[in-house]
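J.: quick one, fold the following:
(chains A and B)
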Protein chains: 2
Amino acid sequence: MIENPFYSPEFHGEYNVASVGRLELEESGTIPDCRLAYTTWGELSPTKDNAVLITTWYSGTHQIWRDVYVGEGHALDPAQYFIVAVDQIGSGLSVSPHNADGENASIAMSGFPRVRIGDDVVAQERLLRERFGVEQLQLVVGGSMGAQQTYEWAVRFPDKVLRAAPIAGTAQNTPHDQLFASVLMDAITSDPGFAAGEYKSNADVVAGLTRHADIWAVMGFSTEAWKQEFWRAMDFDSKEAFLDGFLRPYFTVMDPNDLLCMAWKWQHGDVARHTGGDLAAALGRITAKTFVMPIDEDMFFPVRDCRAEQELVAGSELRVIDEILGHLGLFGVAPTYMSQIDQHLGELLATPV
Amino acid sequence: MIENPFYSPEFHGEYNVASVGRLELEESGTIPDCRLAYTTWGELSPTKDNAVLITTWYSGTHQIWRDVYVGEGHALDPAQYFIVAVDQIGSGLSVSPHNADGENASIAMSGFPRVRIGDDVVAQERLLRERFGVEQLQLVVGGSMGAQQTYEWAVRFPDKVLRAAPIAGTAQNTPHDQLFASVLMDAITSDPGFAAGEYKSNADVVAGLTRHADIWAVMGFSTEAWKQEFWRAMDFDSKEAFLDGFLRPYFTVMDPNDLLCMAWKWQHGDVARHTGGDLAAALGRITAKTFVMPIDEDMFFPVRDCRAEQELVAGSELRVIDEILGHLGLFGVAPTYMSQIDQHLGELLATPV
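T.: Predicted structure coming up:
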């Protein structure tokens, strides 16, 4: 393991870490001591019937959900729900390549095994059941890779998921997304400082992490967002200043192996592996009331792909988010974004199931 | 200079090379002996009133136009028109970093000056006038960077351009395109084998050129094209086989400095530099009958951007090409592509001016 102060409460606010024990992985590896970082808001009702699960996206943690999505006045209101956000494996807060020590020392850094979306969901289910006695969720919601986990939950544990809201993501990763994630990974691994995953500090890989950030600039925001100079609303005075002052620093503090762990997981997201490759059969298992919520200007989870999956989920609805920023509109910086999310999640939570 | 056998008639078919002499560049550099590669089809009429100019795109040459766009049965019919395709500066056939020798030895490799779209157009105008006595063009047509040159021709020499057909490109490069081109450039320059532009062979930079190709895979084709597995029609049996068998070899034979020369030029394409940054004023100079022809699934020259410019060109028409492949549909591999191009160019050429 290596020290990386970014992955601490100082940067992510308070969170808990709990072990769900040994986790045998789909890809045949093992995490000896699967520690999950999580945060909760609100109180679990005596009958344990008000739980909501939030899953996290690539490079993101519970933090953005706390800062933007959860709170009084939002659909995700702690006065009404017991809300649990679980940081994904590889996030840097839960067990990850850079922080694997103690029982996990054997899987540190380049030795970290391949993790799949399903592994996260199995671990999350264990955490909710063992730690809180939660056997059923009013809602599972997540964006991007969080949407992948949301679909996985609804397909794998249909009886446990009453409602599902995959935002800006798919149940089965597309070929284009696989290529995009490869390009992101190559930007990191091609840096000589990466040293086959055995760098001494993320600072050794700053050039690769910077290129990785710049590729996000091209795919993460829409062509129109750049044209409209969205960064002015964030108090930058040029797109280069936005890159230097926001997007590059956002990624360069992160751990390269952690990002690669998540990228591989994203690339291989596919609920159809439960049904021999039959996506319709997999999505046909879903009994949750599902709102599929793509972002209209998303460059890599386009509405077209999300709609094709939505049409395979019985009783589901397509709720398109108007967001000129594109995929990274998930950060919620546009003033018109959260009102749409809250409206849709509010309606979903109000739908009897 | 270095030897690169790819840039030869063996791979590009027969072509001519002519010097237009010393070229003073917009960015204050100089090309001592500006040699342009060009090809012609058909016969120039005695009154020199049947000339058509084709401009070339990033990494492309006259070859693709010969193979796909020009010929009997096409709108660009040599039986009717004297058609001249001029390979752009930096294309590897015209004067370029890798082939700068003799009088140009001082600007070889990393010493090559920055070239702008306007420099190409000035050199092309000189070639047409001095070599063929052509003072007026029935049509200027080009795709992508060729569209940039087409707009530049129509703005700079309005009296010389009767009709213009910019395909899948813009008059003023967008911020997003600038970022995209930077990412492509970084993929090359970050390869240690690039050696600050003083590599001994393009083979030294194969890793960077491969990453550059993979980024094209993400942006050059639409998300839907990948989903529909367009590569099956090209006799590949997986997307990886398509990358290994087509897209990577397409780029890895090319010269890194040549690609960088073109990428910088693409990044800085902007007709508004003629009018102090006023795009409407620049496009307002155009008197050519203009068909603006974006590709509907283009990931980086979206219809929205092309339409915004088209609306600034008096008397112009927007002719959208339906092409699921996206930008690299320009290669003309889809059976439904050339019929659309021929229809629009045919109508344009038939329009009295």
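
J.: C-alpha from now on. contacts and neighbour counts both.
T.: Will do.

J.: for the closest residue to A:Arg319 other than its chain neighbours, give me its contacts.
T.: Ranked by CA to CA, 6 or more residues apart in numbering or on different chains and with sequence neighbours excluded, the top spatial neighbour of A:Arg319 is A:Met293, at 4.8 Å. By CA atoms under 8 Å, 6 or more residues apart in numbering or on different chains, the residues touching A:Met293 are A:165-168, A:306, A:318-321.

J.: close to chain B: what parts of the stretch 201-350 of chain A are there?
T.: A:211, A:214-215, A:217-218, A:223, A:226-227, A:299-300, A:302 (CA under 8 Å from any CA of the partner chain).

J.: so of those residues, which ones are in helices?
T.: Residues of those located in helices (DSSP state H): A:211, A:214-215, A:217-218, A:223, A:226-227.

J.: put the buried members of those into a ChimeraX selection.
T.: Buried subset of those, written as a ChimeraX selection, criterion 16 or more other CA atoms under 10 Å in any protein chain shown:
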select /A:211,214,215,217,218,223,226
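
J.: could the ones in helices among the residues of the stretch 201-350 of chain A next to chain B be laid out in a markdown table, adding distance to A:Leu328?
T.: Below are these laid out as a markdown table (distance: CA to CA, whole Å):
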| residue | distance to A:Leu328 |
| --- | --- |
| A:Arg211 | 17 |
| A:Asp214 | 13 |
| A:Ile215 | 13 |
| A:Ala217 | 9 |
| A:Val218 | 11 |
| A:Thr223 | 12 |
| A:Trp226 | 12 |
| A:Lys227 | 16 |
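
J.: nearest to B:Met145 among the ones in helices among the residues of the stretch 201-350 of chain A next to chain B?
T.: Of all those, B:Met145 sits closest to A:Thr223, with 17.7 Å by CA to CA.

J.: ok, now how distant is that closest one from A:Asp101?
T.: 43 Å (CA to CA, to the nearest Å).

J.: same check, this time on A:Phe180
T.: 31 Å.

J.: between these two, point out the one with more neighbours.
T.: Taking other CA atoms under 10 Å in any protein chain shown, A:Phe180 and A:Asp101 do not tie; A:Phe180 has more neighbours (23 against 16).

J.: in which helix or strand would I find the more buried one?
T.: Secondary structure from DSSP states H and E places A:Phe180 in helix A:175-189.

J.: could you dump the ones in helices among the residues of the stretch 201-350 of chain A next to chain B to CSV with distance to A:Val155 and pLDDT?
T.: Shown next, in CSV, are these (distance: CA to CA, whole Å; pLDDT from 0 to 100):
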residue, distance to A:Val155, pLDDT
A:Arg211, 36, 98
A:Asp214, 35, 98
A:Ile215, 32, 98
A:Ala217, 33, 98
A:Val218, 32, 98
A:Thr223, 34, 98
A:Trp226, 37, 98
A:Lys227, 39, 97
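
J.: which one of the ones in helices among the residues of the stretch 201-350 of chain A next to chain B is nearest A:Asp244?
T.: Among those, and counting by CA to CA, the member closest to A:Asp244 is A:Asp214, at 10.0 Å.

J.: before we move on, back to that, could the residues of the stretch 201-350 of chain A next to chain B be laid out in a markdown table, adding distance to B:Arg131?
T.: As requested, these are exported to a markdown table (distance: CA to CA, whole Å):
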| residue | distance to B:Arg131 |
| --- | --- |
| A:Arg211 | 45 |
| A:Asp214 | 44 |
| A:Ile215 | 44 |
| A:Ala217 | 45 |
| A:Val218 | 42 |
| A:Thr223 | 41 |
| A:Trp226 | 43 |
| A:Lys227 | 41 |
| A:Met299 | 46 |
| A:Phe300 | 48 |
| A:Pro302 | 50 |
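
J.: which two among these are spaced furthest apart?
T.: Maximum pairwise distance among those (CA to CA): 23.7 Å, between A:Arg211 and A:Pro302.

J.: which residues of chain A fall in helices?
T.: Going by DSSP H, chain A shows helices at A:9-12, A:62-64, A:117-132, A:145-156, A:175-189, A:206-220, A:223-227, A:239-242, A:248-252, A:256-267, A:279-283, A:303-310, A:337-350.

J.: burial-wise, tell me which of those comes out on top.
T.: Here the criterion is mean neighbour count by mean count of other CA atoms under 10 Å in any protein chain shown, and of the helices of chain A the winner is helix A:145-156, at a mean of 29.

J.: put the alpha carbons of that helix into CSV.
T.: Extracted in CSV, the C-alpha atoms of helix A:145-156 (Å, rounded to 0.1, in the frame of the first residue of the first chain):
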residue,chain,number,x,y,z
MET,A,145,-21.1,3.1,-12.7
GLY,A,146,-23.6,3.6,-9.9
ALA,A,147,-26.3,2.9,-12.5
GLN,A,148,-24.5,-0.3,-13.4
GLN,A,149,-24.7,-1.3,-9.7
THR,A,150,-28.3,-0.3,-9.5
TYR,A,151,-29.2,-2.5,-12.4
GLU,A,152,-27.1,-5.3,-10.9
TRP,A,153,-29.0,-5.0,-7.7
ALA,A,154,-32.4,-5.1,-9.4
VAL,A,155,-31.5,-8.1,-11.5
ARG,A,156,-29.6,-10.1,-8.9
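
J.: separation between the closest residue to A:Ala314 other than its chain neighbours and chain B?
T.: Sequence neighbours aside, A:Gly284 is the residue nearest to A:Ala314 in space, at 6.8 Å (criterion: CA to CA, 6+ apart). A:Gly284 sits 21 Å away from chain B, going by CA to the nearest CA, to the nearest Å.

J.: contact partners for A:Gly284?
T.: Contacts of A:Gly284 by CA under 8 Å, 6+ apart are A:312-314.

J.: ok and the residue in the stretch 51-200 of chain A nearest chain B?
T.: Residue of the stretch 51-200 of chain A nearest chain B, by CA to the nearest CA: A:His176 (5.4 Å).

J.: what's the pLDDT at that residue?
T.: Among the per-residue scores, A:His176 holds a pLDDT of 98.

J.: same check, this time on A:Met109
T.: So, for A:Met109, pLDDT stands at 98.
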